[in-house]
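Enquirer: got a predicted structure plus its sequence, pasted below:
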Amino acid sequence: MTALLEISGLDVYYGDFQALFGVGLRVAQGQALALVGANGAGKTTLLRTIAGAISPARGTIRYDGEDITTAAAHRRIRRGIALVPEGRRLFPSLTVEENILVGAAAAASAAWPLERIYEIFPLIARRRRHRASQLSGGEQQAVAIGRALAAAPSLLLLDEISLGLAPKVVGELYRTLSSLRESGATLVIVEQDLRRALSACDTVVCLLEGRVALAAAASVGRDEVVAAYFGNGQEKPA
Amino acid sequence: MTWVNAVIQGVLQGGIYALIACGLSLAFGVMRVVNLAHGDLAVCGAYLALVLSTGLGVPVWYVLPLVLPAAFVVGMGLQVLLLRRALRGGEFATVLVTFGLSVMIENLLLVGATANDRVFNTGAIGVASLHIGSQITLPWLFVAAFLTACGVLSGLQLVLSRTSWGRKVRAIADDIDTARLVGVRVGPLFATVAGIAVATAALAGVFIGAIGNFNPLTGTTMLIFAFEAVVIGGLGSLWGTLVGGIALGVTQVVVGEINQAYAVLAVHLLFLLVLAIRPAGLFPSGQQARVAQVLG
């Protein structure tokens, strides 16, 4: 399969602290990749680097055959990469609709119409005039995904979308992601819940202290992923 | 009736303070830039208007279509050439840079235009008044300044709330990092906001020069009143800025009615009182309210 996203030898620093060490991965068109690892493994850093929020010191990021390593965030969005950031990060003083429209404004050509997003998330359609700060956690997460979808992305990066949400709400969000995949979207999902990540994705990449500890098909044995996840650490995945 | 007149005069005076303060409020609310050169930029606008008005031999109002676009371009230039770099050093760096700019502008004006007070040719409106009954007299210039302030603030509010540009500006004010991540191009938006801020400062400078007189050091006084209006109203809140300006104006004129010597002191005391009771101002923007809550 053709690689939509191809990363190789990525080194990322925060000042003197090195967060990623020669990270490489490959996501094929229409595939879903689960990015797992303990807290501080570098998952969010990797997603933010792909989205253009952080510049890598070394390595390359190729998207749809084009080198986008030094491209600004807005150019990456226009190319079709959208990020749903950890913690939702909505604009609290803007309404639901305004949050989505800010996302749509960055689209290269045809942004998703609001009605299409409301169709996917009927929950937020009813609250379109409410400020984002007035929504529940699940509603906020739906708006965050809707804001990213408004830019009509080909590659959707999702950072810990289940964090702090009730299992029922998480189940609904994952059903939505599954239908997005059916319509051809490519996903990179950062998820702490290992079972959910493995069942929702085709491939899995496990990061350990900024390095790729495992890259395999999601059908790989859970024990193997757990071993890569642990390394010599103390934290146990869900 | 004297008191009613004093309150009305104070409200009108407050409009001028709000006009000078709204650019300051916008720049802080969106870019987190505390522009200490704001008053001096207003005075630069007044001097440019004076040069053009004298050169063309027309009342100062006729040269506004030249002064305001020029001020807008200067604001954009300042952002691109100076403030953008300063912002990389953090919010405190912009305070230092704009303080330096303020000192530089004042001294250049002193060298180029001397310390003499200047007055505008304001035409017929400069001496006309509106009389309501026998005791209420409203100078048209003050009425015009107040209406202009309301118009500018309403226009800005409308643009911020109804346009795609305004949505992006508010998104930046809420969370600049996320705004970048969802594709908002911060640089051009900052430049436009800085342009608007300096253009409104120049407009205020022309009104202040038209109502009284001005010299190269007038900007510092303007800046203090503008700051107080912004802080009383709530940082980053445009309507709050108008209320803050009116509170200052009414206090100044009403106390001046009792004893002129205490008028300015009363204004500063009001500012300190509001700061002590409501540190986030009377109408804080969401972010300021949250900060005030955290600080207790």
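Expert: Structure received.
Enquirer: contacts, neighbours, all on C-alpha from now
Expert: OK.
Enquirer: where does the chain dip in pLDDT?
Expert: All of this refers to chain A. Flagging of chain A using pLDDT under 70 yields the residue ranges A:1, A:108-109, A:232-238.
Enquirer: think we crossed wires, I meant chain B
Expert: Counting by pLDDT under 70, the low-confidence segments of chain B come to B:1, B:285-296.
Enquirer: so who does the residue of it found nearest chain A touch?
Expert: Chain B approaches chain A most closely through B:Gly183 (4.0 Å), counting by Cα to the nearest Cα. Shown in contact with B:Gly183 (Cα atoms under 8 Å, 6 or more residues apart in numbering or on different chains): A:73-75, A:77, A:103, A:105-106.
Enquirer: can you list phi and psi of it for me?
Expert: Recorded main-chain torsions at B:Gly183 are phi 100, psi 10, according to degrees, to the nearest 10.
Enquirer: helix or strand: which one has A:Pro214?
Expert: Pro isn't right for residue A:214; it's Leu. For A:Leu214, the element it lies in under DSSP states H and E is strand A:211-217.
Enquirer: other SSEs contacting the helix or strand following that strand?
Expert: Per DSSP H and E, the first helix or strand lying C-terminal to strand A:211-217 is helix A:222-230. Applying 3 or more Cα pairs under 8 Å, 6 or more residues apart in numbering or on different chains; DSSP states H and E, we find helix A:222-230 packed against strand A:203-208, strand A:211-217.
Enquirer: about what we covered before: in helices only, show me the contacts of B:Gly183.
Expert: Helix and strand membership here follows DSSP state H; of these, those in helices are A:73-75, A:77, A:103.
Enquirer: nearest to chain B, of the contacts of B:Gly183?
Expert: Taking Cα to the nearest Cα as the measure, A:His74 is the one of the contacts of B:Gly183 closest to chain B, at 4.0 Å.
Enquirer: the closest residue in space to that closest one that isn't next to it in sequence and B:Ile176: what is the separation?
Expert: Spatial nearest neighbour of A:His74, excluding adjacent residues (Cα to Cα, 6 or more residues apart in numbering or on different chains): B:Gly183 at 4.0 Å. Going from B:Gly183 to B:Ile176 by Cα to Cα, to the nearest Å gives 11 Å.
Enquirer: same check on A:Leu83?
Expert: According to Cα to Cα, A:Leu83 and B:Ile176 sit 15 Å apart.
Enquirer: compare these two (neighbour count), which wins?
Expert: A:Leu83 (26 against 18; other Cα atoms under 10 Å in any protein chain shown).
Enquirer: contacts only, for that one.
Expert: A:Leu83 neighbours (Cα under 8 Å, 6+ apart): A:47-48, A:51, A:148, A:156-159, B:181-182.
Enquirer: list the pairing partners of the helix or strand harbouring it within its sheet, with orientation.
Expert: Using DSSP H and E, A:Leu83 sits in strand A:81-84. Partners of strand A:81-84 in the sheet, by DSSP bridges, are strand A:155-159 (parallel).
Enquirer: outside of the strand it pairs with, which residues touch it?
Expert: Residues outside strand A:155-159 that contact it (Cα under 8 Å, 6+ apart): A:44, A:47, A:80-86, A:148-149, A:185-191.
Enquirer: kindly report the same for stretch A:198-205.
Expert: Residues outside stretch A:198-205 that contact it (Cα under 8 Å, 6+ apart): A:25, A:31-36, A:174, A:178, A:212-219.
Enquirer: ok, stretch B:251-261 next?
Expert: Stretch B:251-261 is contacted by residues B:3, B:6-7, B:9-10, B:262-264, B:266-267, B:270 when judged by Cα under 8 Å, 6+ apart.
Enquirer: and with 10 Å instead?
Expert: Identification of contacts with stretch B:251-261 by Cα atoms under 10 Å, 6 or more residues apart in numbering or on different chains yields B:2-11, B:13-14, B:245-246, B:249-250, B:262-270.
Enquirer: out of these, which sit inside strands?
Expert: In this view, the contacts of stretch B:251-261 have no member that belongs to strands under DSSP state E.
Enquirer: now the angle from the longest helix along chain A to strand A:155-159?
Expert: Among all segments of chain A classified by DSSP H, the helix with the greatest residue count is helix A:167-182. What separates the directions of helix A:167-182 and strand A:155-159 is an angle of 160 degrees, with axes from the mean of the first three to the mean of the last three Cα atoms, to 10 degrees.
Enquirer: the next helix or strand after helix A:167-182 - which strands sit beside it in the sheet, and in what orientation?
Expert: Past helix A:167-182, heading to the C-terminal end, the next element that is a helix or strand (DSSP H and E) is strand A:186-190. On the basis of DSSP bridges, the sheet neighbours of strand A:186-190 come out as strand A:32-37 (parallel), strand A:155-159 (parallel).
Enquirer: from those, which stretch is densest packed?
Expert: The highest mean neighbour count among the strands paired with strand A:186-190, using mean count of other Cα atoms under 10 Å in any protein chain shown, belongs to strand A:32-37: a mean of 28.
Enquirer: chain B: strands as residue ranges?
Expert: With DSSP E as the criterion, chain B has strands spanning B:129-132, B:136-139.
Enquirer: next, format those strands as TSV and append distance to chain A and mean neighbour count.
Expert: Written out in TSV, the entries for the strands of chain B read as follows (distance: least, Cα to the nearest Cα, whole Å; neighbours: other Cα atoms under 10 Å in any protein chain shown):
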stretch	distance to chain A	mean neighbour count
strand B:129-132	41	12
strand B:136-139	39	17
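Enquirer: right, and A:Gln18 touches A:Gly40 too?
Expert: No. The pair A:Gln18 and A:Gly40 does not pass the contact test of Cα atoms under 10 Å, sitting 11.6 Å apart.
Enquirer: joint contacts of those two?
Expert: Between them, A:Gln18 and A:Gly40 have A:209-210 as joint contacts when contacts are counted by Cα under 10 Å, 6+ apart.
Enquirer: need the contact list for the nearest residue to B:Ile176 once chain neighbours are set aside.
Expert: The shortest distance from B:Ile176 to any residue other than its chain neighbours is 7.9 Å, reached at B:Val186 (Cα to Cα, 6+ apart). Contacts here follow Cα under 10 Å, 6+ apart; on that basis B:Val186 touches A:74, B:31, B:168-169, B:172, B:176-177, B:179-180.
Enquirer: picking that back up, CA atoms only for the strand holding A:Leu83 - export them in PDB, please.
Expert: The C-alpha atoms that make up strand A:81-84 are tabulated as PDB, following Å, rounded to 0.1, in the frame of the first residue of the first chain:
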ATOM      1  CA  ILE A  81      -3.300  16.900   8.200                       C
ATOM      2  CA  ALA A  82      -5.500  17.800  11.200                       C
ATOM      3  CA  LEU A  83      -4.800  17.300  14.900                       C
ATOM      4  CA  VAL A  84      -7.300  16.800  17.700                       C
END
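Enquirer: report the distance from it to the chain centre.
Expert: With Cα atoms, centre = their mean, to the nearest Å as the basis, the distance from the averaged C-alpha position of strand A:81-84 to the chain average is 6 Å.
Enquirer: now stretch B:179-188
Expert: Worked out by Cα atoms, centre = their mean, stretch B:179-188 lies 27 Å from the chain centre.
Enquirer: do the same with stretch A:63-71
Expert: 18 Å.
Enquirer: so A:Leu101 sits right up against A:Ala152, yeah?
Expert: No. Contact status for A:Leu101 versus A:Ala152: not in contact, 11.9 Å apart, counting by Cα under 10 Å.
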